[in-house]
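>>> Quick one, fold the following:
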Amino acid sequence: MLKLRPYKPSDAETIISWCRDEKEFRNWTSDRYASFPITADDMNKKYFENNGDCIESDNFYPMTAFDEKGIVGHLIMRYTDKNKKTIRLGFVIADSARRGMGYGKEMILLSVKFAFEIFKAEKVTLGAFENNKPALYCYKAAGFRECESSFCEVFGEKRTIIELELDKDDYYNMDF
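Numbers count the residues shown, from 1 in each chain. As a prediction, the model looks like this:
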């Protein structure tokens, strides 16, 4: 059974090991780090010294998913609006050795439940690069629907971002 807890600095080494190459790394972090690979210290500095690059205080919540065998996944949660009604998931990643086993979907569903029940959000959003088909499949399997797309440039490469969202009412009406 998967559980979710606040991220600890000791999680970093395991999490960064899941990015086997720069393509996986960029699908996970986009352009949020200047170089690949990163160290555990780089990740912890971004999270703890730079508040995950969030300007607002009390707006950055890194989380770690785990089961009886250890860490399975990681993501961050943050508010995107002043009224604190929308939570954005980001930096979503699952253990590369355990992908395709349903852990990603379960982690997303736990995060959504946390967002709606603990943070009292009304909507949860996230984005994935168009070429990251496994992530898009996972998010849609967890009930998210595409709402728009945009473009960004990641180190000289133009990439399409598919935005997805899940409203609280839709979540509570889902049948899993």
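>>> Tell me the secondary structure at residue 19.
Recorded secondary structure, residue 19: coil (DSSP: H, G, I helix; E, B strand; the rest coil).
>>> With residue 154 as the reference, measure out to the closest residue to it other than its chain neighbours.
Of all residues beyond its chain neighbours, the one nearest residue 19 is residue 25 (4.0 Å), with distances taken as C-beta to C-beta, 6 or more residues apart in numbering. For the C-beta atoms, the positions are set from N, CA and C on the backbone; glycine is no exception. Distance, residue 25 to residue 154, by C-beta to C-beta, to the nearest Å: 11 Å.
>>> more neighbours, the two?
The neighbour count for residue 25 versus residue 154, taken as other C-beta atoms under 10 Å, is higher for residue 25 (19 against 15).
>>> And the pLDDT for residue 176?
pLDDT for residue 176: 66.
>>> the bottom helix or strand of this protein by mean pLDDT?
strand 145-154 (a mean of 90; mean pLDDT, DSSP states H and E).
>>> who's in contact with residue 143?
109, 112, 166, 170-171, 174 (C-beta atoms under 8 Å, 6 or more residues apart in numbering).
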